[in-house]
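S.K.: what's the 3D shape of this:
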Amino acid sequence: MTAITDFDSLRRAMAENGEQPEGPARNARAEALLAEAEKLNIPLAVIEALGHQLKVYNYSSEKGKMFVPFARLLRMWDERPEDFDAHETHSLHWVFKWMSAGMLDQPHVPLASVEKWLGEMERRYRIAGHSERAVRGAEFSVAAHVGDVERAERAFAAWLAADRDSMADCHACELHGQGWWRAERGRDAEALELWAPVLEGAYTCAHEPHTVLASSLVPLLRLGRADEARANHLRGFRLVRAMESMRGAYADHVEFCALTGNEARGLELLAERPAYFTDEGQPRSRLDFLSVVVLLMERLSALGLGGQRVPGPAGRAWTAAELALHARGEALALAARFDARNGTSHVGERARARMSQRPLVERLPLGVRTIRPPGPAAAPAPAPATAVAGAGAPDLAALLAEARRLSDTLRPHAVEAWAAVAVAAEGAGGAGLDARDRAEIADHRAMGLGAEGAETFELAAGLYTEAGDLGEALAARTRAAYVRALTGEVDEALAAVAEPYDRVLALYAEGGTEVRQAAGVLMGRARILMRRVHEADGPVAEQVLAEAEGAVREVLALVEGRAGDDVRLVARVAEGHAMLAELTVRSGDPGAGAELFARAAAEFVGAGLPWFAVEYEARLAALAHHLGDMAEAERALRAALEHGGGFLEPVGRAQLHLQLAEVVGGRGQAAEAAEHALEAAHWADEAGEGPAFGAWARHQLGGFLVRQGRWAEAAEVLESALADLTVETHGDGAVVQTQWWLGDCLSELGEHRAAAERRLQAAETARHWPEQHDHATLAHLAAESLGQAGLRGDADRAYARAGELWRSLGNVHGLVRSLRARAWLALRAEGGARAARKLMADAVGECADALEVADDEETRLRLVFELGHTHRQFGDLLARSAAEDADDDSIRAAMDEALSQMSEAVAVFVSLGAAALPPRTGAELAAGWLEADLGRPARAAARARAVLAAYADAETDPGFEGGDEETVRARRAEAEQLLQAAAEAAEQEAAQEQKAQGREAQGRGTQERGAQE
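M.R.: Here you go, the predicted structure:
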């Protein structure tokens, strides 16, 4: 911490404190610095310290403390305005706006005082010669706050009509306010149009686009632009997360979560900021925050989660229902204070409206990891169809008819329908059911039991026998045998199915059963034999394949040609073809297997059973991918998602979306690939697979966002992925790649220290890999980030390490670039010019050495390019190395050296022809400016003309390859500027020479006259 010994050290300390995170610690330091300033006995020091205190208070949760230091400043101004310099004079008038907003935020400040202050602001601005724009903006804020729409509209119009001057808010802040009012008046599309330049980065400031991103969330949702809202939430929350003063914007993000089915993320946001529940420095933002807490808690209660533990004010545990009640009371009490102060009901009405909002999107996937709160106990599934009889008891006959319809047509939820029949029958004491009915109930109960259903299938077989349906009894016994195979008892299952198989064939031959029952037994036997194929360890024995194929073909021989409109028999045919597809693939013919899978899927779809086609479309996609037919793989995956519809299990849906993301991303469609990866992450979370499969989906999603340059969104997703990615589950490659991508994102976002940390973490893992190229690249990138973070010593060491790795890999380009980077770092260090020159000379030497041993033309050309760029950078470095306080001879010597390196660069690039024209002309112009600085205008002009000549054919030659249009225009423009500068310098030089000649002639004439005298 800087010791305060004089005014300069005070200013340094205030600058350091200004860089600290917002909050009480920074505020306390500002208070201490004011005390130190008062000891200096310098009025301006006190004025600056008060201004610093005002600023940190304004950007914190303690805004209410601003009034005292401002009153003191204003008194000092009124008493001795001459103590204020121009900057502090401007700052004093600027802070009037903060005071107006600050008074509105405090319900204990009377409205009359606010209005009086507004008048005082107008008076002082007029005296100082400022536009009324800021005054009218402040008036608009007062009117909008109290709900005086007519006055707000007048002030709004006057605000926009007044001239912008130095007191006007920045463009970004003004656009936020203008858009906010349009959204408040229900004109969401106009608001978003106004906000577009801020959202696109054209206008920014300390708090923008932070607040615009937050304010845009609900308008975007209301307009149905959910994808944009999601993106703005991910971007915006990242910006406000660490800024204590932005409780209102933070509340907008909590509100977004409550309105989009992201209640779990909303709870995570509340947990990150416990102080927001109670901080009272800015009551208006506390009201905003508590209002959305109510919205979120009541949403949880509506979902049956009122008893869920939630984060809340410190000191006790809270359930959602309890916190909703508490927050509502606190919020409405605050709103009542504002309304009492304002003499209107506007603030309370607005708060109640915000609390009572309904979700705008049922569930909007965000791509980030959230742990969903446990839901209430699931209610029993309703019967698919009910009929009212008597006092409302289910009509058993109707339930039976519906269940039988669903099972006969292989519709989803048939098992649930039969369960409803069982419940209704049990309520009726079993009356009204015959043996056949009881058999079907037991049969479907067994289906629902999965691997535990064998005994129940045997019970069903007995009941079918009792009902006189021996064929269905044998089919039920076969199903019991297949269940045993599913548990690994394949041989026992084959033994168990032998008798039903023999008996059903005999029974069918005698006309004692139908095709459907016989096909059921034969298909069950084929399924058991297929289990032997699936469970084979390694290549499948030919006998196993042959036995399975024989069983499948026996099913097809029985059913094909006899299916008619019976969907059960059509399904047997389709399943048989799918089994043959599997056997064909196992036999080594994936192409034929793919054709059979496609046939099976088409048969299921043709029978009106598309949900059964999903598995086979997915298998077909995998085979097509293996065969390199990516178009077919994509088609099959899309078909699987379409056919599955709402019947797909979450984990299956996640897998299909992720596979489709990889295929679509592989053909360069990063935006669509990101959509599928987003869906994959969402459905993996829904399936409870977030830490495993979900993390992989988030990894992929982050990569696709990186490819689109959506850095902030990608950073949020990748950080979320890293929370679950592990070397054991996902592999070290996935972990390193995620850290790598995240480092790139953080670098683009200007978070260079964090970027360096991620890149160093990735490099540490890659250090242990056999192939070291990734290690070297990551070390180099980490060095870049360290340098950009201002950590020059760490950066130099990292570049040195990267250079060693590049050298060990024989990568001259990486080595040379690390040396050049170290040279620039050394130049920025005190007294580092000598070391910088040596490092750059080493880089030139490495290029030259590598060129001597280059053994192919492509390698040589790349090295020549590298040498040219190194000479160019050497020239730039030498030109910048001349110390401003050095003597003229030293500066000229450095410039001459720089010119020599630039000339070398030009010569190298000339040797490469048209391909190197852009870097050549860049170096030529740099050399020309050096010539001009050295007082050689003719040479400077010659270099400028050389550049213009190089681009003479750019417009007329359609095959011109000397650079893009923008580069050509820029080079020509700079060459013209250089020519003009050289001409002006030449004219000045000629004029000076003429004057010198005149003085010399005059001197000779005087001497001659003296001699004559």
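S.K.: can we go C-alpha only for contacts and neighbour counts from here?
M.R.: Noted.
S.K.: so where is this structure shaky, pLDDT-wise?
M.R.: 1-2, 371-394, 430, 883-886, 954-962, 996-1013 (pLDDT under 70).
S.K.: can you tell me which residue is spatially central in it?
M.R.: residue 713 (1.7 Å; CA atoms, centre = their mean).
S.K.: now do the contacts for that one.
M.R.: By CA atoms under 8 Å, 6 or more residues apart in numbering, the contact set of residue 713 is 231, 234-235, 702, 705.
S.K.: repeat for residue 135
M.R.: Residues near residue 135 by CA under 8 Å, 6+ apart: 97, 118, 121-122, 159.
S.K.: what are the boundaries of the helices in the stretch 201-350 of the chain?
M.R.: 210-215, 217-222, 226-240, 247-259, 263-272, 283-302, 320-342, 346-355 (DSSP state H, counting those that start in this stretch).
S.K.: mind putting those into CSV with mean neighbour count and distance to residue 65?
M.R.: CSV is the format used below for those (neighbours: other CA atoms under 10 Å; distance: least, CA to CA, whole Å):
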stretch, mean neighbour count, distance to residue 65
helix 210-215, 26, 23
helix 217-222, 20, 31
helix 226-240, 21, 22
helix 247-259, 26, 17
helix 263-272, 20, 25
helix 283-302, 25, 13
helix 320-342, 20, 19
helix 346-355, 18, 23
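S.K.: okay, now residue 223: neighbour count?
M.R.: Neighbourhood size, residue 223 [other CA atoms under 10 Å]: 12.
S.K.: next one: it from residue 214, what distance?
M.R.: Counting by CA to CA, to the nearest Å, the separation of residue 223 from residue 214 is 15 Å.
S.K.: same thing with residue 723?
M.R.: Per CA to CA, residue 723 is found 25 Å from residue 214.
S.K.: residue 550 sits in which helix or strand?
M.R.: Taking DSSP states H and E as the definition, one finds residue 550 inside helix 542-559.
S.K.: one more: residue 3?
M.R.: Counting by DSSP H and E, residue 3 is part of no helix or strand.
S.K.: pretty sure it contacts residue 9?
M.R.: Yes - using CA atoms under 8 Å, residue 3 makes contact with residue 9 at a distance of 6.9 Å.
S.K.: more neighbours: which of the two?
M.R.: Neighbours per residue (other CA under 10 Å) separate residue 3 from residue 9, with residue 9 holding more: 13 against 10.
S.K.: the residue nearest to residue 725 when sequence neighbours are not counted: what secondary structure?
M.R.: Of all residues beyond its chain neighbours, the one nearest residue 725 is residue 695 (5.9 Å), with distances taken as CA to CA, 6 or more residues apart in numbering. Here residue 695 is recorded as helix under DSSP: H, G, I helix; E, B strand; the rest coil.
S.K.: for residue 695, what are its contacts?
M.R.: Neighbouring residues of residue 695 by CA under 8 Å, 6+ apart: 369, 681, 720-722, 724-725.
S.K.: that one and residue 738: what is the separation?
M.R.: The gap separating residue 695 from residue 738 is 10 Å, by CA to CA.
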